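*Asks:* Fold the following, please.
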Amino acid sequence: MWNKTKIKKQDEYPKLSNEERIAIIEKACQQVSRGVFYSTIIIITSFLPVFLLTGQEGKLFHPLAFTKTFILIIDAILVLTLAPVIISFFMKGRFRQEHENPINRGLEKVYLPVIRACIRNRKTTLGINILALLISIPMLMSLGREFMPPLDEQSILFMPVTLPDVSNSEIKRILQVQDRIIKSVPEVDHVLGKAGRASSATDNSPISMIETIISLKPKSEWRPGISKKDIIDELDAKLQIPGVVNGWTQPIINRINMLSTGIRTDVGVKVYGQDLKQISHISEDVQRMLKNIKGVKDLYVEPVSGGKYLEIEIIRDQLDRYGLTVDDINATVETAIGGSPFATTLEGRQRFNIHLRLGQDYRNSIERLKRIPLTTPEAGPIPLSAVTTIQFMDGPPMISSENAILRGAVMFNVRERDLGHTVQEAIDKLNKELKLPNGYFIEWSGQYQNLIRGQKTLIYILPVVVFIIFLALYLAFKSIREAFLSLITIPFALIGGAFLIYFWGVNLSVAVAVGFIALFGIAVETGVIMVIYLNDAMRQLVAVKGNSRETITNEDLREFVILGAAKRLRPKIMTVCVALFGLIPVLWSNGVGSDVMQPIVLPLIGGVITSSTHILLVTPLIFLMTKEYELKKFGKLEVHDVQH
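*Replies:* Numbers count the residues shown, from 1 in each chain. Model (predicted):
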């Protein structure tokens, strides 16, 4: 009996010749070509904003966009050329019906009751989705804003600043004291401090600026429960030295900030004008207004005064009396204090000048400088004080200018709060309270400048991208209604991304925006597949029942929509699972760079879940409602010949 059943089942499979099998594969590949082409266009178009990013964000994300684009192009070529050849080699023998697969039967067993319940309770289904979308919008608006997620460089850069007129011996003493205190923290591995400028033309640091690189031990050797923020707070509390303003950052981002914006902190307020004293007064007013704003840390005014200068003013009335000239005085001062070259030494191929000046004991006070002897033709040796007035004068320690305008700066870092809201509160306060004289103005710089640039790029280009995607969908479906039905998945994909980044505690940034951009392409592509199968179900309905409201009932429409939604359910679920299985491990990564990758994948993971739920449950419902409307108004269905 078993053998007869087995033979009967074998006879149910039609036997195909090799030519017939190749013809079927060729026809199937032709059906796929159109869907592959437009899906590739949609995903590449969704990455257009990433290609148009500039500055730091462009350098960081351009490789991602180019890599994904090239992969998609090559993938589309291989699907149309290599895949049919491979299929012709391996797709032989007997094949089971789709419903015979146990996984597919299990998925349909769960999916069919749910989709039927959603179709029965239309208002509830649509209401829940719209409510979730409305809730996600204020959640997104309440999130903090920053330019880029802070990358943990596994080290700390300590940049304190002291008074401009600090002496070499005092800055050395402060540097040594700070290094000893820093090394006393158990998590610190190595400490290397530098005061003043390095042997580089691009380093214009004054002697009052200290740069200390702090290398930390591996996290496995840290005290239990301590974080990098706790280490910085502990160091900052221990390093409170009178006359020294502390600053905390990281080595790489500090160099990037200084080279790109001229500001060594996260944010800077540049004050422009024509008079250094007035710029100094305005900078102090800005510092006072920013002092009590939450999130503002390491607040510091770049000094435009306070430098000490030795002024030697020549008493010209006395020169004729002693038979001296201005050049005689200048030559003596230059030689005695600054030094003048008198010989050259050779060391290998290097040539060095030898300068001669008075010893330090004879030039370390104004009284001794006044006694520097001058030889006169009329009166013999006289002290320098007989023909000059010597005194210390205050002046700018360093003069900064941009675009031929004098500039001062108020700098600060942002901690314990997001960058966007902190700077926005500061802007509102300065606009309300700061009174600027004519000819003076301020400009915001640093990471906030980069944030505004990235926001403008995305805001201007996103509408263009949505239009291009809509145009590609229209060319694929030849119907505005069907194109809109696929495009509507984008806002519902926002729901999961918004909820996940909100509860994960991530701020909005360029990295999060890139994650949403990648999500839009995936969501639209999945929606296209669902609409294609729903249209295919409508063609089957018309073939069976005809295209008239006299022959097609609402019950027929409902059953065929459910059939189209459940068709190829396993590949749809596999698409979602592949994306999730590839992205979820990033959430638990903790290596260098993971803090930048997580904000990218969070919108993708949440959005893939909600967009797939919307596509599987809500898209068939909206499609059914549109077809019922067509049947009621026009008396027939608008069936589109769309192949995938």
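
*Asks:* From Gln540, how far out is Glu628?
*Replies:* The spacing between Glu628 and Gln540, counted by C-beta to C-beta, to the nearest Å, is 17 Å. Quick note: C-beta positions are derived from backbone N, CA and C, even for glycine.

*Asks:* cool, Ile181 as well?
*Replies:* Here Ile181 is placed at a distance of 79 Å from Gln540 (C-beta to C-beta).

*Asks:* Now Ile427: closest residue in space, sequence neighbours ignored.
*Replies:* Trp444 (7.0 Å; C-beta to C-beta, 6 or more residues apart in numbering).

*Asks:* which stretch of helix or strand covers that neighbour?
*Replies:* Trp444 is located in strand 441-446, with elements delineated by DSSP states H and E.

*Asks:* gap between that strand and the chain center?
*Replies:* Centroid separation for strand 441-446 versus its chain: 21 Å, with C-alpha atoms, centre = their mean, to the nearest Å.

*Asks:* What of stretch 603-622?
*Replies:* That offset, for stretch 603-622, works out to 27 Å (C-alpha atoms, centre = their mean).

*Asks:* Equivalent analysis for stretch 331-342, please.
*Replies:* Relative to its chain's centre, stretch 331-342 lies at 54 Å (C-alpha atoms, centre = their mean).

*Asks:* Pop the domain breakdown of this protein in here.
*Replies:* Here the domain parsing of the chain from automatic domain parsing is 1-95, 98-142+478-644, 154-249, 308-395.

*Asks:* who wins for proximity to His421 among those domains?
*Replies:* Of all the domains of the chain, domain 98-142+478-644 sits nearest to His421, with 9.3 Å by C-beta to C-beta.

*Asks:* can you tell me which strand in the protein is longest?
*Replies:* Across the chain, the strand with the greatest residue count (assigned by DSSP state E) is strand 405-414.

*Asks:* That one pairs with which strands, parallel or anti?
*Replies:* strand 267-273 (antiparallel), strand 296-301 (antiparallel), strand 400-402 (antiparallel) (DSSP bridges).

*Asks:* Adding mean pLDDT and mean neighbour count, write those out as TSV.
*Replies:* Formatted as TSV, those follow (pLDDT from 0 to 100; neighbours: other C-beta atoms under 10 Å):
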stretch	mean pLDDT	mean neighbour count
strand 267-273	90	24
strand 296-301	86	20
strand 400-402	82	13
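
*Asks:* picking up where we left off before, would you tell me which one of the domains of the chain is buried the most?
*Replies:* domain 98-142+478-644 (a mean of 18; mean count of other C-beta atoms under 10 Å).

*Asks:* any idea which element Met289 lies in?
*Replies:* Here Met289 sits within helix 276-290, counting by DSSP H and E.

*Asks:* returning to what we had before: from Ile263, how far off is the residue nearest to Ile427?
*Replies:* Per C-beta to C-beta, Trp444 is found 10 Å from Ile263.

*Asks:* what's the burial count for Arg264?
*Replies:* When neighbours are defined as other C-beta atoms under 10 Å, Arg264 has 24 of them.

*Asks:* and if you look at His281?
*Replies:* Residues near His281, counting by other C-beta under 10 Å: 18.

*Asks:* And Thr422, by the same measure?
*Replies:* Thr422 has 27 nearby residues by other C-beta under 10 Å.

*Asks:* With the one 4 residues further on instead?
*Replies:* Using other C-beta under 10 Å, Ala426 has 23 neighbouring residues.

*Asks:* right, and it touches Leu299 too?
*Replies:* No - in terms of C-beta atoms under 8 Å, Ala426 does not count as a neighbour of Leu299; the distance is 10.6 Å.

*Asks:* anything in contact with each of the two?
*Replies:* Shared contacts of Ala426 and Leu299 (C-beta atoms under 8 Å, 6 or more residues apart in numbering): Leu290.

*Asks:* that older thread, of Trp444 and Ile263, which one has the most company?
*Replies:* Neighbours around Trp444 and Ile263, counted as other C-beta under 10 Å, are more numerous at Ile263. The numbers are 24 against 18.

*Asks:* center of this structure, which residue is that?
*Replies:* Met148 (3.1 Å; C-alpha atoms, centre = their mean).

*Asks:* rewinding a little: how about the residue nearest to Ile427, what does it touch?
*Replies:* Neighbour list for Trp444: 267-270, 423, 427 [criterion: C-beta under 8 Å, 6+ apart].

*Asks:* got the contact list for the helix or strand harbouring Leu369?
*Replies:* Element membership for Leu369 (DSSP H and E) is helix 366-370. The contact list for helix 366-370 (C-beta under 8 Å, 6+ apart) reads 310, 336-337, 361-363, 383-385, 390-392.

*Asks:* switch to 6 Å and redo it
*Replies:* Residues outside helix 366-370 that contact it (C-beta atoms under 6 Å, 6 or more residues apart in numbering): 362, 383-385, 390.

*Asks:* Same check on stretch 585-595?
*Replies:* Stretch 585-595 is contacted from outside by 149, 152, 597, 601, using C-beta under 6 Å, 6+ apart.

*Asks:* and what of stretch 540-556?
*Replies:* By C-beta under 6 Å, 6+ apart, the list of residues contacting stretch 540-556 reads 560, 631, 635-637, 639.

*Asks:* again with stretch 388-395
*Replies:* With C-beta under 6 Å, 6+ apart as the test, stretch 388-395 has contacts from 307-309, 311-314, 366, 369-370.

*Asks:* Ok, stretch 123-141 next?
*Replies:* Contact with stretch 123-141 is made by 118, 491, 494-495, 498, 502, 618, 621, as judged by C-beta under 6 Å, 6+ apart.

*Asks:* And for stretch 613-630?
*Replies:* With C-beta under 6 Å, 6+ apart, stretch 613-630 has contacts from 118-119, 125, 129, 489, 492, 526-527, 530, 534, 557, 561, 565, 637-638.
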